[in-house]
Structure formats: structure tokens, C-alpha cells
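> show me how the following folds:
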Amino acid sequence: SSCLQYADNAAACLQAFLDGEIQWNDYAGLIEYADSIQHQHRDSLIINGVVLLAHYGMYQSDQQEYEYAISIYEGAMSLVRLMQNKLDGIAMGINNQLAINYGHLAQYDKSITYAQNSYEYAIELHEDTSTITSALNNLGLYNYYAGNYEQASDYLQQAYQLSLSLPADDTERIRTASNLTLVLTQMGLLDASLKILEDCIASSQNDLVHLPILLNNACEICINLGKYDIAIDYAEKGLYLLSQSTQTRNQDQNSEAILINNLAVAYHHLNNINKAIIWAEKGLSLYTPTDLNEYAFLLSNMGVIYSKVDSQKAFDYYREAMNIVTKDNINYPLILSNIGFLCHSLGKYKEALKFFEEALNAMYKLISIANPSHIAIVCSNLSAIHKELGDQKLSLQYCEDAIDVALLGDVNDDLHALLKSNRAFKYSFIKGKELHAFKLWQDVLQTYTNLTANHFDYLTEEERSMYWQKSQTMHDFIPAFVYEHHKKHPQFTPL
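Below is the predicted model:
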């Protein structure tokens, strides 16, 4: 046959297959023929076939032909199995590549299966720490993409513990820390996530490739925790490194645009609107909209920043963002919430109510990827809207929902105190709830006291003054609250 003439040259045979001169079943038939006559080149034929197919699969994957790459890798695995465990090392790599390509197709269940296979091969082969860490890393990442956050956290925690024995600047160690913080942040465990990032940043000072990414991640978490000055510090360090590194400067500008946008958001939270606008516009101009959902998020942030100075321009940015964001992306409810907040600030309560309700419904539909703090904020805003509209019952219900959701994960301490304060205020007007209100007021006092004491070195003078005044207000208010209710209800004696 046309295939058998290549029997003594396996590489040429495979190349003929890849060039389309022979079909896959012809090559498989050659293997069967060699097997049946105990052909001396059988193993060589198989090994060369596996190697060539593996390389060709990588080529097709680089060309983004993921389905074709998968078919080639599966063909390679059919040859591997003929060698009866003699090619387990190659099998480990092929399973990893299958996981990657199914990941590109968003078929994460299959990615998890092949990543698990790759991990099991690594354990059986007693691979080095870096290889096993990488396999656990992949398992964690694909579970994260599939929305299995608990499993993702378990795998990545294992990977992180293993990675600590690697050199501080080892790529796999940095990748593991970055992936773990991604999962912990999504689970609302912001403080734990920031601690890991801080340790990784401290040990990666000479890594100009990964350090800007770590600094950006730390910046985002600090913004969510309300540590805006620290967030600015991280962003500025990241931008400086990007400006100094030829390697990173030659990469696409989207990473820099995201870092600049985070810097703008931090300035916005500190009410430095002029700086926020300058940085936000620069970030937006640098961004190439390859990811429309990410681009929509940047547009939404522009709306948030402009909402304080130009409501019409803010609405224009929100409208543009809504036109491109997809409903299955977490940015969709966040943009709806931002529009609701703008309507609320303009006194358009019914319009705000509509957007907040849509945002909350969308978040519940995306509950597997929604951040508890975002849900808490929307519930708190709905509570405020219903209060303005005179519906105290619904206002209290949303207030309770806000505080309950906030307890699912770490949120900004100041926000947590505000949510408790709102709940206590509403309880104070309900007979039989006075003691609950009192305990919540105490929690609020303790929160502001802790904020002032525990974070003194990180707070600006303005923040120190603000938290001190809030704690003093609570300190003065609680005895008056107790005295007033004791007069009405003598049995109310919590002190």
C-alpha cells in the first residue's frame, strides 16, 4: 500500500499523513500491520507518531484551531495506549494540552477531566514540585472557570503550599499565588487574598514581568476593601515598572490600561475627580477592545467617575457599555447598579428602583460568580429607595438582606458598619427589636474603633478624623439610645 513504503521511516510516514498524502486510518493500519508481524520498527513508528502529532497539535492550537488540535491530541493518545504505560510522561503532557484546548472552547468539565488525568500521571511519575504544582494549578483554574469555587480553592491551596518550597521568583509560584487570590477574591475573602499578594509582591521585586500583574491585583483588592491610598501606591508602582521594562512595554497595552483604570477608580473614591477623569480617559484610550465585556466595564467606570460632575456624560458612557456587555457576564448587573445609583442621586427614585431590581435579579442569576459585597450594596440601595418611597417594610427587608449577604464574605469594614447601622436604625423603631438594635450599634462602634486603632498607619489624616468622629458619634449615641428606650420600656436594660 501507499502507507507501507514508509514503514522504515516513521517520521516521514507521519509527515505524509500531516501533509494529507495518506489518511489517519492508513497510518493506524500501518501500526496494526507492524504489530502483527512483530515489525522491528513498531515502537519507533509509534513514538515518532506521538511526538509529531503532539507538535502538530500545538501548532494547530497556536492557530486557534482548537477542535482540530483536540482531534490530533486524541489521535496521539490512541498511539500512546499501544505502548502500555511506556509513554506516561508524554501522556501527561498531552492530557494537559487537551485540558487547555477544551478550556479555550469553554468546555470546562472536559478540561477538568483531562487536567485530573495529567495530575494523576504527575503523581505516578513522581514528578518534581514545579510540575505537580502546575498540575494542581490547572485543576484549580478550570474548576474556577466552571464556577466550582470551593474545589478550585482546595486545589489552589494545595498548589500554593507546594509552591512555597520553590524559589521566590519561580514562575509557577507566582502563577499559583495569582490564581489563588483570584479565587479567594471571587469568594469574597479579600483580606486573605491581599495577604497572599503582599507576600508574593515582597518576594518578587526583581520579576519585572509578573510584578506589575501582582501589583494590579493588589490594587483592585485594596479598592474593594476601601484602602484607596494603598491602592494608588500599588498602581503607581505597577505603572512605573511597566514604563521601565522593555519586555512588558512591548506587550499589548490592555494590561496597562486596566491598571490605569484602577488608579482612576481609587482617585474617584477619594473624591479627586479631576485626577480620576484624566487617568480614566488615558486608560480608555489605550485599551484595544478585544474583550467587549472588559471594555464595557471600563466604559462603566467612566460613567461612575463622570456621575459626580456631568450626569449626561455619565449616562452616555453607561448606555455605550450596556450596548456591548453580555447578560451572562458579571459586569452586566454592575453596570445596571451604577445606572441605578446615578438615578438615585438625581432623585429619580422610580427609575433607580427599576435598575436596582434588574441588577439584583441579574446577580442572582449569576450567583456562582457574583461577589457578596456587590449584592449587599444593591440590597442596601434598594432599602434606601423603598425608604424614600415610603415602604418601610420592604426597606427593612432589603436592609436585612444586605447585612446577611455581607456576612458571606469580606467587605469594606466601613460599608459593613454602614449596613449594620442602617439595620439598627430600623430596628430601633420596632417594638421588641430594641435589644437587637443596641447590639448592632455596639458592633458599629467597635468597627469604627478598630478601623482607627488597627489601621492607623495606613489611614490618611482625613480618614482618621472621619472614623474617629464616627466612633465618637456612636459612643455618644448608644447611652442616649438606651436611656430613651429604658424610659419607654423599663425592662430594656442592656447596660
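> what segments of the stretch 1-150 of the chain are helices?
Taking DSSP state H, counting those that start in this stretch as the criterion, the stretch 1-150 of the chain carries its helices at 10-18, 24-36, 42-62, 66-82, 88-104, 108-124, 129-145, 149-163.
> deepest of those helices, which one?
Most buried of the helices of the stretch 1-150 of the chain, by mean neighbour count (mean count of other CB atoms under 10 Å): helix 129-145, with a mean of 23. Bear in mind the C-beta positions are built from the backbone N, C-alpha and C, glycine included.
> packing partners of that one?
helix 88-104, helix 108-124, helix 149-163, helix 171-186 (3 or more CB pairs under 8 Å, 6 or more residues apart in numbering; DSSP states H and E).
> for the following helix or strand past the last one, name the packing helices and strands.
The one in question is helix 171-186. Per DSSP states H and E, the first helix or strand lying C-terminal to helix 171-186 is helix 190-202. Packed against helix 190-202 by the contact rule (3+ CB pairs under 8 Å, 6+ apart) you find helix 171-186, helix 211-224.
> hmm, back to that, so which of the helices of the stretch 1-150 of the chain is nearest Asn254?
helix 88-104 (18.5 Å; CB to CB).
> which neighbouring elements make contact with that closest one?
helix 42-62, helix 66-82, helix 108-124, helix 129-145.
> mean confidence (pLDDT) on it, please.
When pLDDT is averaged along helix 88-104, the result is 90.
> re the thing from before, so which of the helices and strands packed on helix 129-145 gets nearest Tyr267?
Smallest distance to Tyr267 across these (CB to CB): 21.5 Å, for helix 171-186.
> report the buried residues of the closest one.
Residues 172-186 are the ones in helix 171-186 that count as buried (16 or more other CB atoms under 10 Å).
> any idea which of those residues is closest to Asn216?
For those, the nearest to Asn216 is Ser178 (10.1 Å; CB to CB).
> ok, the closest one to Thr185 distance?
Distance, Ser178 to Thr185, using CB to CB, to the nearest Å: 11 Å.
> returning to what we had before: lowest-confidence stretch among the helices and strands packed on helix 190-202?
Sorting those by mean pLDDT places helix 171-186 lowest, at a mean of 85.
> tell me which residues are up against that helix.
Residues from elsewhere that reach helix 171-186, judged by CB atoms under 8 Å, 6 or more residues apart in numbering: 130, 133-134, 136-137, 140-141, 144, 149, 152-153, 156-157, 159-160, 163-164, 166-167, 190, 192-194, 196-197, 199-200, 204, 207, 210, 213-214, 217, 220-221, 224, 369, 371.
> a markdown table for the helices and strands packed on helix 88-104, including distance to Ile385?
Output for the helices and strands packed on helix 88-104, formatted as a markdown table (distance: least, CB to CB, whole Å):
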| stretch | distance to Ile385 |
| --- | --- |
| helix 42-62 | 50 |
| helix 66-82 | 46 |
| helix 108-124 | 38 |
| helix 129-145 | 34 |
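> want to try TSV for the ones you listed, with distance to Asn272 and mean pLDDT as columns?
Converted to TSV, these look like this (distance: least, CB to CB, whole Å; pLDDT from 0 to 100):
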stretch	distance to Asn272	mean pLDDT
helix 42-62	44	79
helix 66-82	45	85
helix 108-124	41	92
helix 129-145	34	91
